[in-house]
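Chemist: No letters, just coordinates:
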Ligand SMILES: [Fe+2]
Ligand SMILES: [Fe+2]
């Protein structure tokens, strides 16, 4: 007898990073059409050690050393994995979001899975596996269930991914003169494609705010002022030209800079 089930593999519950990527290939269509079939756990599945609260993230070697570059790739695996899981989470949590928004977000989510694979494979080529160092869930923990869609867009696609643009630019500069073409290529692909992810956030944010009759620059300022208390601190100088390409207005850049200055002067929240 054939037993039909509505249960699909769920990459958020799966603990192994390689199997998570296989799962998304199997269920991408269902995430779009049947989001109610997927459960969202409090924390996404992991079979690798997590950094304990308050534990120091020290002992890094410089990027001229192989161990230091592997650590950077390991960090990127953790980040791309959470970006992938956050994309899925938004698709599951906001079935009422505009259809085109959801379709674009699925493409971005699949691109995050591709970034994840690139980083994992490069890490493996260096002789390391995910889990060699401990890892964190700070990106996943920056969002909240039932927050307004505009908050989610700002946190994930404008704040976190925006900071990713700043970080990529800084890292590529720091790698000038380092002989590691594979790592540089991975970073370049990610840096280029992430501009589109941030632009997705900028365009949808500005469109939805305008449709509500409010001013996007003003809304962004007020919203960021509230959101800065729930996101990880970011201090890296803004990649202003890249952010402009990704849809940041001059007013929004001023707000992003003010938040950066706030984090430079305020002590970070304990768990960040
Ligand atoms: Fe990515
Ligand atoms: Fe992204």
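Modeler: Perfect, thanks for sending it. These numbers come from a predicted model, not from an experiment. Ligands and ions are numbered 1, 2, ... in the order given.

Chemist: contacts and neighbour counts: CA atoms only from here.
Modeler: OK.

Chemist: Can you tell me, leaving aside adjacent residues, what's nearest to residue 261?
Modeler: Nearest residue to residue 261 in three dimensions, chain neighbours excluded: residue 235, at 7.5 Å (C-alpha to C-alpha, 6 or more residues apart in numbering).

Chemist: correct me, but that neighbour touches residue 263?
Modeler: Yes: using C-alpha atoms under 8 Å, residue 235 is in contact with residue 263, at 6.4 Å.

Chemist: For the stretch 51-200 of the chain, which segments are assigned as helices?
Modeler: In the stretch 51-200 of the chain, the helices defined using DSSP state H, counting those that start in this stretch lie at 66-93, 99-125, 149-152, 161-174, 181-211.

Chemist: Would you format the ones you listed as TSV with mean pLDDT, distance to residue 136 and mean neighbour count included?
Modeler: As requested, the helices of the stretch 51-200 of the chain are arranged in TSV below (pLDDT from 0 to 100; distance: least, C-alpha to C-alpha, whole Å; neighbours: other C-alpha atoms under 10 Å):
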stretch	mean pLDDT	distance to residue 136	mean neighbour count
helix 66-93	97	7	22
helix 99-125	98	15	19
helix 149-152	98	20	19
helix 161-174	97	16	19
helix 181-211	97	20	18
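
Chemist: Out of those, which gets nearest to residue 45?
Modeler: Of all these, helix 66-93 sits nearest to residue 45, with 10.0 Å by C-alpha to C-alpha.

Chemist: quick one: the residue nearest to residue 261 and residue 63, what's the gap?
Modeler: Look at residue 235 and residue 63: by C-alpha to C-alpha, to the nearest Å, they are 20 Å apart.

Chemist: just residue 238 next, same as before
Modeler: With C-alpha to C-alpha as the criterion, residue 238 and residue 63 are 21 Å apart.

Chemist: Which residue would you name as the spatial centre of this protein?
Modeler: Closest residue to the average C-alpha location of the chain: residue 83 at 3.2 Å, with C-alpha atoms, centre = their mean.

Chemist: Quick check, it in contact with residue 112.
Modeler: Yes: contact criterion C-alpha under 8 Å: residue 83 and residue 112 qualify, at 6.3 Å.

Chemist: Now do residue 272, the pLDDT please.
Modeler: pLDDT recorded at residue 272 is 47.

Chemist: got it, and residue 7?
Modeler: 74.

Chemist: burial count for the closest residue to it other than its chain neighbours?
Modeler: In space, and not counting its chain neighbours, residue 7 is closest to residue 37: 6.6 Å by C-alpha to C-alpha, 6+ apart. By the criterion of other C-alpha atoms under 10 Å, residue 37 has 14 neighbours.

Chemist: per-residue pLDDT, residue 37?
Modeler: pLDDT recorded at residue 37 is 93.

Chemist: Check the one 5 residues further on too.
Modeler: Among the per-residue scores, residue 42 holds a pLDDT of 97.

Chemist: and if you look at residue 61?
Modeler: Confidence at residue 61, expressed as pLDDT, is 85.

Chemist: Report the separation between residue 199 and residue 225.
Modeler: In terms of C-alpha to C-alpha, residue 199 sits 21 Å off from residue 225.

Chemist: CSV for the helices of the stretch 51-200 of the chain, including distance to residue 221?
Modeler: Formatted as CSV, the helices of the stretch 51-200 of the chain follow (distance: least, C-alpha to C-alpha, whole Å):
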stretch, distance to residue 221
helix 66-93, 23
helix 99-125, 23
helix 149-152, 12
helix 161-174, 15
helix 181-211, 12
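
Chemist: between those helices, which gets nearest to residue 14?
Modeler: Nearest to residue 14, of all those, is helix 66-93, at 11.0 Å by C-alpha to C-alpha.

Chemist: Report the inter-axis angle for that closest one versus helix 161-174.
Modeler: With axes from the mean of the first three to the mean of the last three C-alpha atoms, to 10 degrees as the basis, helix 66-93 and helix 161-174 are set at 160 degrees to each other.

Chemist: and helix 66-93, how far out from the chain's middle?
Modeler: Helix 66-93 sits 7 Å away from the centroid of its parent chain (C-alpha atoms, centre = their mean, to the nearest Å).
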